[in-house]
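Visitor: sequence and predicted structure, then a few things I'm wondering about:
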Amino acid sequence: MKAGISTKVQVQDLACFGGSRTFAEPKSTSSLAQPDFDNFLQYSKKFFDRQHYTNNGVLAKMLEERLAEFHGARHCVAFCSGFWGLVLAMTTLALKGKTEIIMPSLTYRRMADIAAWTRLKPRFCEVNKSTLAPTRQTVGECINAETALIVAVHPIVNCCDIEGIVKLGQERGIPVLFDSVESVYEATNAGKVGGFGDAECFSMHASKLLNGFEGGYITTNNSELAHRLALLRTYGFEGQDNCVFAGGLNAKLNEVHAAMALANLDELEQLVTDNRQRYRCYQAGLAGISGIRLLEFDETSKTSYKNIVVELLDNWPLKRDETVAILNAENILARAYYSPPLHQKQMSYPHIPATLEVTDYLARRFMLMPCGAFVTCDDIDRIIMLLKYIKSNGVEIARRFAETESR
Amino acid sequence: MKSCDFAVLGGTATFEKMLPVGQLYFPSWDRYEVAMRGIFDRRYYTNQGPLVLQLEAKLQEFLDVKHVICVTNATIGLMMAAEAMELTGKVVLPSFTFLASAQSLSWTGIEPVFCDIDPVTHQIDIAKIDELLDDQVSGIMGVNLWGGACDPVALEKFAQARNLKLYFDSAHAFGCEVEHQKIARFGSIEVFSFHATKVLSATEGGCLCTNDDALATRLRNIRSSYGAGKPVPVVKTSNGRMSEAQAAIALLSLEDFPQNQQKNETLYHIYEDRLKHIPGIKLVKPAGVTFSNYQYLVCEVDECNFGLSRESLIAVLKAENVNARRYFYPGVHRSVGYINNQTEQIDSLPVTDELCATCIQLPVGALVDSDDVITICELIDKCQRNADHLKIHFAGQDI
């Protein structure tokens, strides 16, 4: 599909105004990495031959061992999703008798719902303006007598203040759980993500760096915690008929999903290399457009180069949401970065209302750009050309938007 | 056969490999490969993909119900159901069920109230529900057990008359029929399990069935935003999504359902035929259904007539590589998380206690054939005839 971009000589050529789309197939922000099929089959053969399809099977165990090693953590516990892994880690780690859980507002749209399943009240903290992440200071401001747990979430690009928050938790006697869903491959001066705080949580949803169809895992150096989580994901059973922990459910990872994750784990280095190439294309292209700033990866440590996040600066001619709408119409599935932030959403479960000016400001400015297996450097060139067109014709596009709205 | 042949007494195990009790049907390797290649070709892995859509449509037709919502497992499905139905306070359910039935309530902030069961059918004793009701009870969770049914028609009338919400844990009941109609349409929601041990397998998985449009929309919103259709307000969402890989296996398993059901039924009848002569062993017939999936093979062991305790029989069978299990033990009301809440009522479920102490589950499903079943029945028969000898072995052992 070559039609589109070069023909956008006038504003009405934009798909949102009736022109043809830049891309025939959608370009999303999901990784959707696909491993070698034969390798996936080889892994599958292991559970197939054993006729053991779930319940702590050979592949789930192998995956846990490989991931613990990968992250340099003592234990890894796999789940059917990161969602339920987080729920179980939160209930297990939260200080008993306390009611609040500290988390950033500028984060995953279901994070407050996850806390609601644990019946702890989310208290939303601010983030740092340049890292988009919670810091020792922003988390510290939220600690009070009711604080049960700190959930420190890494932003989509780079990491949060790991050492500062870990130290804060230690000083105040509050457990720290890292949501490291977007930081699987990352490291900082302090070491590799996966071994910090009381535990770290990851996702293996197809959109994430490690695609296991659906799935998630927790890493921890705490043997007792790992043991408890491993049993809680299987109703609390330790052997047949022997339930030893209350508060369990079914959050087991099945063997087919484990096979997929293992096969993708084998190819992770290649995926990161491909991501870096895509990132370089964006880096080169966006350098030539004023008003739009690429959030750069900290390349002094290991990074996945997976997510492409841009900030629309004050001299960008359109609002962020208008820009997203224009791109979406072209089949460029750019997304607003964590907008609306959690504290601005309707919640009918207990929570602490918050006023967060920095978060509100940031939530209007950033967007995620297409990345992952479906995006080539040629695609990125076309996206860049379109952004250039939008920038050059911003006044005219804005006028048209205003006209459409006033009708 | 001499009594000293028993593996528990030092003899060789009858079976080389452990015979499991779960169904464990799975498509052939070739079909698995083709299905997975299809997913790789489409590069669509999850989020209400084409195979999940196809599975939901096929199940709607098969179960003759308006909405089927596929989920990652039945426990999370039950949690979503309680959430979507906005149940509050307390819910009545049998204690003679899998622990997850009650856990799904605890996760949604609801206190389970346990009801006793019928000694013959093993299903909830409807006559005993009234005495458990108070202002806080908002609903009833019926549990369709052992490939049978808990008289859902009577439960519907009962709940309606008392203005109580009603839904079903039908994890054991896929494909079963009440009055020649598939179980799936009763109450507000029915939840099925597609765990590997069930007659329909997605390795892990399940589905929710409802004829209520509004509930279906809420469930889809609670499951996740993908494929949610119309957004409607819900208290909280979850991740209950079924992947394309799970759906692919469930679709193949659905194709195989007739033959797998047939195999279970054949094995059931062999058990029936061979066990009926053994004193103290009573095979439980799937109750209240005109068609059963026969996915569970359950017997009651009467120690006096059989000559050995249920525990001793299990120990003998396990030593022979027959993974016989007590099922459900010790009963949800005596399990961690629930036992402390029940101090006053702990002894109010005599039938449940009796069956938790006497039931045994025997192998049936993909990894068991007719000859195996005959051998298992012979083993049980031999146990009965050599009970006195075996008893000496078990004397003083705390099992």
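Guide: Yes, it's here.

Visitor: could you use CA atoms for every contact and neighbour count after this?
Guide: Will do.

Visitor: most residues in a single strand of the chain, which one?
Guide: Defaulting to chain A. Counting by DSSP state E, the longest strand found in chain A is strand A:147-153.

Visitor: to clarify, I was referring to chain B.
Guide: For chain B, the longest strand by residue count, based on DSSP E, is strand B:137-143.

Visitor: contacts for it, please.
Guide: Contacts with strand B:137-143, where a contact means CA atoms under 8 Å, 6 or more residues apart in numbering or on different chains, come from B:87-94, B:97, B:123-124, B:149-150, B:152, B:155, B:159, B:164-170.

Visitor: switch the cut-off to 7 Å
Guide: Around strand B:137-143, the neighbours that count as contacts under CA atoms under 7 Å, 6 or more residues apart in numbering or on different chains are B:87-93, B:150, B:164-170.

Visitor: run the chain-centre distance for the longest strand of chain A.
Guide: Mean C-alpha position of strand A:147-153 versus that of the full chain (CA atoms, centre = their mean, to the nearest Å) differs by 17 Å.

Visitor: residues contacting the helix or strand bottoming out on mean pLDDT in chain A, please?
Guide: None of the helices or strands of chain A scores lower by mean pLDDT, DSSP states H and E than helix A:394-406, at a mean of 86. Helix A:394-406 is contacted from outside by A:11, A:317-318, using CA under 7 Å, 6+ apart.

Visitor: again, only using 8 Å
Guide: With contacts defined as CA under 8 Å, 6+ apart, helix A:394-406 is touched by A:11, A:316-318, A:390.

Visitor: check the stretch 201-350 of chain B for the residue nearest chain A and tell me.
Guide: Nearest residue of the stretch 201-350 of chain B to chain A: B:Gly337, at 4.5 Å (CA to the nearest CA).

Visitor: which ones are touching the spatially closest residue to that residue that is not a sequence neighbour?
Guide: Nearest non-adjacent residue to B:Gly337, counting by CA to CA, 6 or more residues apart in numbering or on different chains: A:Ala246, 4.5 Å away. A:Ala246 makes contacts with A:232, A:235-236, B:336-337, as judged by CA under 8 Å, 6+ apart.

Visitor: same thing with A:Ala199?
Guide: If you count contacts by CA under 8 Å, 6+ apart, A:Ala199 has them with A:89, A:176-178, A:218-222.

Visitor: rewinding a little: which among the contacts of helix A:394-406 gets closest to chain B?
Guide: Proximity to chain B was ranked across the contacts of helix A:394-406 by CA to the nearest CA; first place goes to A:Leu318, at 28.1 Å.

Visitor: counting by contacts, list what the helix or strand hosting A:Leu67 packs against.
Guide: Using DSSP states H and E, A:Leu67 maps to helix A:58-71. With contacts taken as 3 or more CA pairs under 8 Å, 6 or more residues apart in numbering or on different chains; DSSP states H and E, helix A:58-71 sits against helix A:37-50, strand A:75-79, helix A:255-266.

Visitor: mind listing what's buried in that helix?
Guide: Of all the residues in helix A:58-71, those buried under the rule 16 or more other CA atoms under 10 Å in any protein chain shown are A:58-61, A:63-65, A:67-68, A:71.

Visitor: who's in contact with it?
Guide: The contact list for helix A:58-71 (CA under 8 Å, 6+ apart) reads A:43, A:46-47, A:74-78, A:192-195, A:219, A:253-255, A:258-259, A:261-262.

Visitor: now stretch A:42-60 - C-alpha only, CSV.
Guide: Provided in CSV are the C-alpha atoms of stretch A:42-60 (Å, rounded to 0.1, in the frame of the first residue of the first chain):
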residue,chain,number,x,y,z
GLN,A,42,9.7,-27.9,20.0
TYR,A,43,8.8,-26.4,23.3
SER,A,44,5.1,-27.5,22.8
LYS,A,45,6.3,-31.0,22.3
LYS,A,46,7.6,-31.2,25.8
PHE,A,47,4.2,-30.7,27.4
PHE,A,48,2.4,-32.6,24.7
ASP,A,49,4.5,-35.7,25.3
ARG,A,50,4.0,-35.5,29.0
GLN,A,51,0.2,-35.0,28.5
HIS,A,52,0.5,-32.2,31.1
TYR,A,53,-1.2,-29.1,29.9
THR,A,54,-1.2,-26.8,33.0
ASN,A,55,-0.7,-26.8,36.8
ASN,A,56,2.9,-26.0,37.2
GLY,A,57,4.0,-27.9,34.1
VAL,A,58,7.5,-28.5,32.8
LEU,A,59,7.5,-25.4,30.6
ALA,A,60,6.1,-23.1,33.3
